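Asks: Structure, please.
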Amino acid sequence: MNKDKMPLQVWILTLAAFAIGTAEFVIAGLLPQVAAALAITEGQAGYLISAYALAIVFGGPLLTIYLARFNKKAVLAGLMVLFIVGNLLSAFAPNYEVLMVSRVVAGLVQGPFYGIGAVVATNLVSEKMAGRAVGQMFAGLTLANVLGVPGGTWIGLQFGWHATFLTVAAFGVVALLFILGAITAKGHGEAKAIGRQLAAFKNPMLLISLGITVFAWSGFMTLYGYLAPVAIHVSGFADTAVTWILVMVGIGLIVGNTLGGRSSDRNLARASMFWAVAMIASLLLVGLVMDNQLGFVIAAFIFGIASFANVPAMQLRVMKHGGEGQELAATANISAFNLANAFGGFLGGAVLDSHWGAGAIPFAAIAVPLIGLVLIGKANRAERKIALLTPCQSH
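Replies: Have a look, this model is predicted:
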């Protein structure tokens, strides 16, 4: 196999990541509808984001430890089956409580799927393509935001939000068939013993890397999860306009993911600092111009670029320090992303339901990522020191 080309299997993982990413984020476009249908506040509907994210945070690493010993093809296929079941539950949920449980079921899939999938993807390509392979798989997430979330929002507006979850389940079925048909059972490397995987977490650099993801990323979902209420209540858009605003942000995410993958392969330390600062600046920009409709759309697009350019850098940094626990480290990083998403979901919902309202959300989103900047600076200094001490060893 030519390891300098992106193989078909990575594209299949991209498709699965698309389905899973759509399931996670589509609720952002459906908030006003779900809230109205279930007679709850938009802030409470937003907590469905946090429930999904917390399922990833706690379920992901535990499931990965358990699943690491099994054949990777069987694991990825089994996870897709659980994903389909969770979304069918969402589609037929009669009330808020059942919808909340269904989100938890679907959320359990994401951590192990992305964690194990990222390792499978990097093993299919040469080392110098590792950043692009991870970026390619996560392009499924960005595509979910360009096509899946706006498409799901449109389907929800046309046919009701239940239809959106049925469509997501259908994508899960397609991804499952491709996984069964094209991903080989061998050649992905054997899982390390659990003890050796857990030992990686004694490395302070891995813990700092996970901390960077939690803090630096938390601003993303605080704003993204509540873009619909901000667009409608502050910028004065009709609810039908939310679909194409989400498309604009999603295009920004694709651009950002590409820029982030390439800049991380060039210089990881510089890329992670630059993009973290850029995301904070973009949140500030959204807050300053959201009274102007054109300004809001342009700023939201820039926010999309700046946000997702962080993803390859954060994932690569964790895998770099993961040692023998790369799979578990990669999954733990998905948990870190989603701890940030859960926090963002709660913070955005609380601000939205407070007397400050939707207009305060972009400013509230800035506070925690500032801590992330401090950690990135600390990690970069430590890595420079390690590089000076071990000049002969290449990472």
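
Asks: what ranges do the helices span in the stretch 151-300 of the chain?
Replies: Assigned by DSSP state H, counting those that start in this stretch, the helices in the stretch 151-300 of the chain fall at 161-182, 194-199, 204-224, 227-229, 242-266, 268-289, 293-308.

Asks: Looking at those helices, spot the one closest to Thr14.
Replies: helix 161-182 (9.6 Å; Cβ to Cβ). C-beta coordinates here come from the backbone N, C-alpha and C atoms, glycine included.

Asks: Tell me the buried residues in that closest one?
Replies: Residues of helix 161-182 classed as buried: 161, 164-169, 171-172, 175-176, 178-179 (neighbour count, 16 or more other Cβ atoms under 10 Å).

Asks: Output the below-cut-off pLDDT ranges for the stretch 51-200 of the chain.
Replies: 185-193 (pLDDT under 70).

Asks: just the strands in it please.
Replies: Counting by DSSP state E, counting those that start in this stretch, the stretch 51-200 of the chain has no strands to list.

Asks: For Val120, list the residues it contacts.
Replies: By Cβ atoms under 8 Å, 6 or more residues apart in numbering, the contact list for Val120 reads 9, 13, 72, 76, 183, 188.

Asks: Run a quick neighbour tally on the third one.
Replies: Taking other Cβ atoms under 10 Å as the neighbour definition, Lys72 ends up with a count of 24.

Asks: From what I see, it and Phe113 are in contact.
Replies: No: between Lys72 and Phe113 there is no contact under Cβ atoms under 8 Å: 10.8 Å.

Asks: Spit out the residues that contact these two alike.
Replies: Common neighbours of Lys72 and Phe113 (Cβ under 8 Å, 6+ apart) do not exist.

Asks: neighbour-wise, which of the contacts of Val120 leads?
Replies: Neighbour counts for those (other Cβ under 10 Å) peak at Leu13, which has 30 neighbours.

Asks: Verify the stated contact: it with Gly140.
Replies: Yes: the pair Leu13 and Gly140 passes the contact test of Cβ under 8 Å, sitting 7.1 Å apart.

Asks: Show me whatever sits in contact with both of those two.
Replies: By Cβ under 8 Å, 6+ apart, no residue touches both Leu13 and Gly140.

Asks: For Ser264, give me its contacts.
Replies: Residues in contact with Ser264 (Cβ under 8 Å, 6+ apart) are 131, 135, 271-272, 312-313, 316.

Asks: Pull the most distant pair out of those.
Replies: By the measure Cβ to Cβ, Gly135 and Ser272 form the most distant pair in the contacts of Ser264, at 14.0 Å.

Asks: Neighbour count for these two, which is higher?
Replies: The neighbour comparison of Gly135 against Ser272 (other Cβ under 10 Å) goes to Ser272, with 30 against 26.

Asks: what's the spacing between the more buried one and Ala332?
Replies: Look at Ser272 and Ala332: by Cβ to Cβ, to the nearest Å, they are 17 Å apart.

Asks: Leu143 now?
Replies: Distance from Leu143 to Ala332, by Cβ to Cβ: 24 Å.

Asks: cool, and Ala299?
Replies: Counting by Cβ to Cβ, the gap from Ala299 to Ala332 is 32 Å.

Asks: More neighbours: those two, which one.
Replies: Neighbour tally, Ala299 and Ala332, criterion other Cβ under 10 Å: the higher count belongs to Ala332, 26 against 21.

Asks: mind listing what Gly260 touches?
Replies: 135, 271, 275, 308-313.

Asks: Compare those residues and tell me which is most surrounded.
Replies: Neighbour counts for these were taken using other Cβ under 10 Å; the highest belongs to Pro312, which has 33 neighbours.

Asks: and that residue, what helix or strand is that in?
Replies: helix 310-320 (DSSP states H and E).

Asks: Which strands and helices lie in contact with that helix?
Replies: helix 96-123, helix 130-143, helix 204-224, helix 242-266, helix 268-289, helix 326-353 (3 or more Cβ pairs under 8 Å, 6 or more residues apart in numbering; DSSP states H and E).

Asks: List the buried residues of stretch 345-355.
Replies: 345-349, 351-352.

Asks: Can I get those residues in TSV including distance to Ala367 and pLDDT?
Replies: Formatted as TSV, the buried residues of stretch 345-355 follow (distance: Cβ to Cβ, whole Å; pLDDT from 0 to 100):
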residue	distance to Ala367	pLDDT
Gly345	15	89
Phe346	13	90
Leu347	9	93
Gly348	12	92
Gly349	16	91
Val351	11	93
Leu352	16	92
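
Asks: I'd like these as CSV, with distance to Arg262 appended.
Replies: CSV is the format used below for those (distance: Cβ to Cβ, whole Å):
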residue, distance to Arg262
Gly345, 30
Phe346, 34
Leu347, 31
Gly348, 31
Gly349, 35
Val351, 35
Leu352, 36
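
Asks: Now for Ala51: which residues touch it?
Replies: 100, 103-104, 107.

Asks: For Ala382, grab the count of nearby residues.
Replies: Considering only other Cβ under 10 Å, Ala382 is surrounded by 13 other residues.
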